[in-house]
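A.B. asks: Just need the structure, nothing else, for what follows:
(one chain, ligands or ions: 1)
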Amino acid sequence: MVKINKLTDIDSIATSLGEFIVTQQNAVLSTKDSFSVAVSGGSMVNILAKALLENKTIDWSKWVIFFSDERLVALDDEDSNYGAFNKTLLEPLAHKGTIGPKVVTIDESLLHLTDTANDSKIAEIYADEIPKDGIDLVLLGCGPDGHTCSLFPNHSLLNEDKLNVASLNDSPKPPPRRITLTLPYLKKCGTIAFVATGSSKKEVLKDIFADDSSLPCALVNKLPVHGGVCWFVDESAMD
Ligand SMILES: O=C1O[C@H](COP(=O)(O)O)[C@@H](O)[C@H](O)[C@H]1O
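C.D. replies: Below is the predicted model:
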């Protein structure tokens, strides 16, 4: 059963999401020494900064951060999901002298080679870095077309049934070269939380929550992850 948390605006989403993340962190750290989190790019980064930067109950030293998807561009490129996360969260944290988190990025040294086999290699190397039994908490965005991670509507990667991380070179949203966690991998993860804000998401959210939807976000909603799937949405995205 998918849970929807409907909040008035982005500030209330940040507060509620921050509390949710801390609850997940504490539950995981009561059973092991580290907390793995996958973050997404796009609009999520600023919300995460609001939710986490001033939050004194985050134990950054125990966090290991991965990316739900990454654009195959240099890490300091404005299109890089790591680049945006670094500028908005990691640099301010470092400035405050925070110890941690550990952050796992793509292998940038392979980026200059542009053939498809090489992009598969980048995905394969990233797959070796992520926990084989799933990431504890996966934070996902939702594009206005219903995509999540870099899993796009009607794309062949929706049928991927073996790889944990896959590459694509035909993303309909630029930039075209990307890697992404796959549906079989998301299924192994602990808890999945989507964040969707703004009126540009309103129409697609109706489609995603229709019973027969095959949009990527709807496919994730149907995954039997043991910690469940939940959504944080604001009033402009969902009535
Ligand atoms: O391209 C991407 O888009 C999605 C959605 O972004 P948003 O700005 O509409 O929230 C994002 O979740 C993903 O990580 C990113 O690569």
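A.B. asks: Correct me if wrong: P184 contacts V165.
C.D. replies: No: with contact defined as CB atoms under 8 Å, P184 does not count as touching V165 (10.5 Å). Backbone N, C-alpha and C define where each C-beta goes, glycine included.
A.B. asks: which of these two has more neighbours?
C.D. replies: The neighbour count for P184 versus V165, taken as other CB atoms under 10 Å, is higher for V165 (26 against 14).
A.B. asks: How about the contacts made by that one?
C.D. replies: 123-124, 126-127, 130, 179-182, 185 (CB atoms under 8 Å, 6 or more residues apart in numbering).
A.B. asks: Buried residues in the biggest helix by length in the chain, which are they?
C.D. replies: If you go by DSSP state H, the chain has its longest helix at helix 10-29. For helix 10-29, burial by neighbour count (16 or more other CB atoms under 10 Å) applies to 10, 13-14, 17-18, 20-22, 24-25, 28.
A.B. asks: ok, now stretch 227-234?
C.D. replies: By neighbour count with 16+ other CB under 10 Å, stretch 227-234 contains the buried residues 227, 229-234.
A.B. asks: Could you check how far it is from the centre of its chain?
C.D. replies: Chain-centre distance of stretch 227-234: 13 Å, with CA atoms, centre = their mean, to the nearest Å.
A.B. asks: May I have it as PDB, with CA atoms only?
C.D. replies: Provided in PDB are the C-alpha atoms of stretch 227-234 (Å, rounded to 0.1, in the frame of the first residue of the first chain):
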ATOM      1  CA  GLY A 227       9.800  -0.800   4.000                       C
ATOM      2  CA  GLY A 228       7.100   0.400   1.600                       C
ATOM      3  CA  VAL A 229       6.800   3.200  -0.900                       C
ATOM      4  CA  CYS A 230       5.600   6.700   0.200                       C
ATOM      5  CA  TRP A 231       5.100  10.000  -1.500                       C
ATOM      6  CA  PHE A 232       5.600  13.600  -0.300                       C
ATOM      7  CA  VAL A 233       3.600  16.000  -2.400                       C
ATOM      8  CA  ASP A 234       2.500  19.600  -2.100                       C
END
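A.B. asks: Going toward the C-terminus from the lowest-mean-pLDDT helix or strand in the chain, what's the next helix or strand?
C.D. replies: Using mean pLDDT, DSSP states H and E, helix 116-129 stands out as the lowest-scoring helix or strand of the chain, at a mean of 93. Next along the chain after helix 116-129, taking DSSP states H and E as the criterion, comes strand 137-140.
A.B. asks: Adjacent strands (with direction) for that following strand?
C.D. replies: Partners of strand 137-140 in the sheet, by DSSP bridges, are strand 35-39 (parallel), strand 191-196 (parallel).
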